[in-house]
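Colleague: Below are the sequence and a predicted model; questions follow.
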Protein chains: 2
Amino acid sequence: MGEAFSCVKGMKDWYGAEALERERIVSILRETFKAYGFSPLETPHIEYVDVLTKKGGQEIQKEIYYGYDQAGRKFGLRFDLTVPLARFVATKKTLKLPYKRYSIGEVFRDGASQPEQGRYRCITQCDVDIVGLKEMCAEAELITLAFDVFNKIGLTNVEIRLNNRKLLNGLMMGFGVKNELLTSVLVALDKFDKIGFEGVIKELNGINWLQDEEIKKIRNIMKLDGTNEEMLKELEKLAKNDLAKEGIQELREILSYLDSDNFVKIAPYLARGLDYYTGPVMEGFSTKGEIKSSILGGGRYDNMIGDFIGTNEKIYAVGFSFGLERITSLLKKDKEPENISPAQIFIVPLASLKESFRIAKNLRDAGINVDVDLKKRSLKKSLSYAEALGIPYVGILGDDEIKKGLISVKDLKRRVQKEMSVEELKKKLKE
Amino acid sequence: MGEAFSCVKGMKDWYGAEALERERIVSILRETFKAYGFSPLETPHIEYVDVLTKKGGQEIQKEIYYGYDQAGRKFGLRFDLTVPLARFVATKKTLKLPYKRYSIGEVFRDGASQPEQGRYRCITQCDVDIVGLKEMCAEAELITLAFDVFNKIGLTNVEIRLNNRKLLNGLMMGFGVKNELLTSVLVALDKFDKIGFEGVIKELNGINWLQDEEIKKIRNIMKLDGTNEEMLKELEKLAKNDLAKEGIQELREILSYLDSDNFVKIAPYLARGLDYYTGPVMEGFSTKGEIKSSILGGGRYDNMIGDFIGTNEKIYAVGFSFGLERITSLLKKDKEPENISPAQIFIVPLASLKESFRIAKNLRDAGINVDVDLKKRSLKKSLSYAEALGIPYVGILGDDEIKKGLISVKDLKRRVQKEMSVEELKKKLKE
């Protein structure tokens, strides 16, 4: 099959049960975001290259899909939802701060690793950000919101790892790590979850000019364990400068606002990839099953928007990004992909299509999803179609049923059939 | 302001009340589509140029946004949702027919007219299609679904104009219009709603080789008026060949399935722009207000998918496309754009943030949207912020209230304030 029939490389079509599951999750995200007072922002999928390359490192620029419009202006597909947020804040001078917004949409990264599970060149990010708040209760609200979302979605065993760039940077300074080595050290440390203790040590050993003495101190922070309070006490002993102390103070403040911090874990090795984080950083994991999937990431980036705009004024910002593909892949397990209909019942109009339409309307008005067989075919073929689409019930409407004012309802799983009134059927399906 | 801060020309950001309204409408569309047994299909926003240019005329190719990926493959932004549907059907050999799907997403047309009201270079289409059904009840189901949608959205005064390409082509043949003039004649006729009777006549007069005798006959079909049955009777008199008669028969069949055809109007001049329609075509209008906006368009295209795939087999298809921007612009009238929060109440934690978080959780669990003021500021500033965001109530939680176990609730519109329990507040907001 040539390109004439293929999706763009690294992208895919979502359909059937998977697409329904995506919609269910997105709908919960939206409703929860609104429940916390966030309002929607939709920005175009393409931006001028000037906008896309204003912030963000060299690496990301290599992953942009570029194009030209008919007038020759160069554009690129957006690679995240934070740059468009910065552009929006820059243009809306009248925006009231704090501005709490969410954006849900596709972002594109050309050359993202081969599309294995959850690694596509087009992914859907669900971002929630608060612009204009320096108070740490913003972080606490986002963490509360995240657990609320996971709870409603039905994703248990989620853990949020929490750290602070101020703490991390302060510690490294205290350990004597030179400023120019900082990024390499943090990149190595951040891989702790993926490559483990020994892996990180190996990477640290590979960093030129990094002293054995420093590596010894860094390895200690990976070894820390215990309750959050115990961890913070240990970290306090290591924090020799104001920056590190401030970081710890911020973490304490965040935890103080949470009703329970059972699912929040201080993780002193956590750095998060992006350069622009300036304070608390967090990452959400599902701890269930073999795959330790990061399903949520975020943090505070107090300089990024101001730098983008080029103002001297600091524009505080903190945000979370939920990864839709990752979340869906954790949940879809027991649903068959070929289950492609949202209908709860399939009405086969053996006698009267118009009467079937009326019954369908009656059921739909009660909130039930109904499909009516519009194709002229045998009852046998209709039944096998309904079965293939995973529709649980078939309602058969023949002359006999119409005379009696009833409908024959076949339960395709249990293989039983019963005549009932539309009201009885409604009750049954509403269960 | 340079390009560094602008949206791509012809596109825009959606935020505040408008974005909330868009989400409300899309959510109704989705739920209604599912209620009729349609299942979601999400395809990428970009497609290979081979796919995009396989069908569709020269005109549309001039409006594609083109780009290259890092490996040099040429892609384009999709300009509709029908081409991706054809590609999907081509690749999914196991798809059970009829395949009923909906797709909601942005499509891009470079060079679309200057962005006036509802004419953007990026618009959101909400498409619902049935693939694999030749029966006319498919059209009837789509019309029923459309009225259901408009009803739920709160859009009254909607009229669906209905015609049939077979009837139109048959009539023109019967009038003696040469085949090579057909497209020009239909393009002119189709403008009837926009440019009126005289306008169309003028355009028809401008078509070389079109005879006066033919124009006289064509003008007659614009003059037809009356009930659908009267119209069909008149059209029957004009229908001299099998093609035209078949077209009338199909229209009769569609109407026969509808419980009421009060809002469906046979419109013999309607052709719809696209070349690929093969049978019934329809267009939905809001007849309210000055602007006669087309908010829905569609029809039957039985050859397009088969041609796309290159198979000899006919793949029947019929679909509707709802225009989100048009629909929203008809509805947004009385909502202020600066109303940017979905929150129903704004809690100001004068005394305890943690207690405010608890109350917020309690209210949210009851389905109420709650914002908590996270910023340290004066009560006066908090109130004016809530007012600017259009939040109707403010809940004030000071030491006094906490002692009493109550919360002071200020109604920002009526300018009254009252202490009440959280349970009372919950009842009030659920009203």
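Modeller: Structure's in. What do you need?

Colleague: the domain parsing of chain A - what is it?
Modeller: The record assigns chain A these domain ranges, following automatic domain parsing: A:3-334, A:345-430.

Colleague: Run the chain-centre distance for the first one.
Modeller: For domain A:3-334, the distance between its averaged C-alpha position and the chain's averaged C-alpha position is 11 Å (C-alpha atoms, centre = their mean, to the nearest Å).

Colleague: need the residues of the stretch 51-200 of chain A near chain B, please.
Modeller: Within reach of chain B by C-beta under 8 Å from any C-beta of the partner chain, the stretch 51-200 of chain A has these residues: A:51, A:54, A:62-63, A:65-71, A:73, A:75, A:77, A:84, A:87-88, A:90-92, A:94, A:96, A:98, A:100-101, A:106, A:108, A:110-111, A:122, A:130, A:132-133, A:135, A:137-138, A:140-141, A:144, A:148. C-beta: built from backbone N, CA, C; applies to glycine.

Colleague: among the domains of chain A, which gets the worst mean confidence?
Modeller: Per-stretch mean pLDDT for these is lowest at domain A:3-334 (a mean of 91).

Colleague: re earlier: now, the residues of the stretch 51-200 of chain A next to chain B that are in strands?
Modeller: Among those, the members found in strands (DSSP state E) are A:Y66, A:G67, A:Y68, A:F75, A:L77, A:K100, A:R101, A:E106, A:F108, A:C122, A:I130.

Colleague: can you give me the strands for the stretch 101-250 of chain A?
Modeller: Assigned by DSSP state E, counting those that start in this stretch, the stretch 101-250 of chain A shows strands spanning A:122-131, A:158-164.

Colleague: and the stretch 251-400 of chain A, which residues reach chain B?
Modeller: Residues of the stretch 251-400 of chain A found near chain B (C-beta under 8 Å from any C-beta) are A:256-257, A:259, A:309, A:338, A:340-343, A:346, A:353-354, A:357-358, A:360-361, A:364, A:367-372, A:374-376, A:385, A:388-389, A:391.

Colleague: quick one on the thing from earlier: can you tell me which of the domains of chain A comes nearest to B:K223?
Modeller: Closest to B:K223 of the domains of chain A is domain A:345-430 (C-beta to C-beta; 32.9 Å).

Colleague: Between the two ends of the closest one, how far is it?
Modeller: Domain A:345-430 stretches 12 Å from its first residue to its last (C-alpha to C-alpha, to the nearest Å).

Colleague: Also stretch A:199-211?
Modeller: Terminal residues of stretch A:199-211 lie 17 Å apart, using C-alpha to C-alpha.

Colleague: What residues of it count as buried?
Modeller: Applying a neighbour-count criterion of 16 or more other C-beta atoms under 10 Å in any protein chain shown, one finds A:V200, A:I201, A:E203, A:L204, A:I207, A:L210 buried in stretch A:199-211.

Colleague: Which residues are in contact with the last one?
Modeller: With C-beta atoms under 8 Å, 6 or more residues apart in numbering or on different chains as the criterion, the residues that contact A:L210 are A:V177, A:L181, A:S184, A:V185, A:L204.

Colleague: next one: phi and psi at it?
Modeller: Here is the backbone geometry of A:L210 (degrees, to the nearest 10): phi -80, psi 130.

Colleague: Would you mind measuring from it to chain B?
Modeller: Going from A:L210 to chain B by C-beta to the nearest C-beta, to the nearest Å gives 33 Å.

Colleague: The first one too?
Modeller: In this structure, A:V200 and chain B are 31 Å apart, going by C-beta to the nearest C-beta.

Colleague: Enumerate every residue touching that residue.
Modeller: A:A188, A:L189, A:K191, A:F192, A:R219, A:M222, A:Y269.

Colleague: Just give the closest residue to the fourth one, not the sequence neighbours.
Modeller: When you say that, I think you mean A:F192. Excluding the flanking residues, the one nearest A:F192 by C-beta to C-beta, 6 or more residues apart in numbering or on different chains is A:Y269, at 4.4 Å.

Colleague: for the first one, same thing?
Modeller: Closest residue to A:A188 in three dimensions, ignoring its sequence neighbours and counting by C-beta to C-beta, 6+ apart: A:E203, at 3.8 Å.

Colleague: Tell me who's in contact with that neighbour.
Modeller: By C-beta under 8 Å, 6+ apart, A:E203 lies in contact with A:A188, A:K191, A:I195.

Colleague: For A:I25, state which of those is nearest.
Modeller: Nearest to A:I25, judged by C-beta to C-beta, of these is A:K191 at 28.2 Å.

Colleague: how much space between the closest one and A:K265?
Modeller: 18 Å (C-beta to C-beta, to the nearest Å).

Colleague: And A:N362, by the same measure?
Modeller: Separation of A:N362 from A:K265 (C-beta to C-beta) stands at 52 Å.

Colleague: Between the two, which has more neighbouring residues?
Modeller: Of the pair A:N362 and A:K265, A:K265 is the one with more neighbours under other C-beta atoms under 10 Å in any protein chain shown, namely 18 against 15.

Colleague: that older thread, got a markdown table for the buried residues of stretch A:199-211, with distance to B:L412 too?
Modeller: Shown next, in a markdown table, are the buried residues of stretch A:199-211 (distance: C-beta to C-beta, whole Å):
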| residue | distance to B:L412 |
| --- | --- |
| A:V200 | 54 |
| A:I201 | 59 |
| A:E203 | 56 |
| A:L204 | 57 |
| A:I207 | 58 |
| A:L210 | 58 |
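
Colleague: Restricted to helices, list those residues.
Modeller: A:V200, A:I201, A:E203, A:L204 (DSSP state H).

Colleague: Those: which two are farthest apart?
Modeller: A:I201 and A:E203 (7.4 Å).

Colleague: before we move on, which element is the closest residue to A:E313 other than its chain neighbours in?
Modeller: With sequence-adjacent residues excluded and distances taken as C-beta to C-beta, 6+ apart, A:E313 is closest to A:G306, at 5.9 Å. Taking DSSP states H and E as the criterion, A:G306 maps to helix A:304-309.

Colleague: Go ahead and name everything in contact with that helix.
Modeller: Contacting residues not belonging to helix A:304-309 are listed as A:54-55, A:82-83, A:85-87, A:89-90, A:131, A:276, A:312-315, A:317, B:5 [C-beta under 8 Å, 6+ apart].

Colleague: Weed out the non-buried ones from these.
Modeller: Neighbour-count burial (16+ other C-beta under 10 Å) applied to the contacts of helix A:304-309 gives A:54-55, A:82-83, A:85-87, A:89-90, A:131, A:276, A:315, A:317, B:5.

Colleague: coming back round to it: quick one: which of the ones in strands among the residues of the stretch 51-200 of chain A next to chain B is nearest to chain B?
Modeller: A:G67 (2.5 Å; C-beta to the nearest C-beta).
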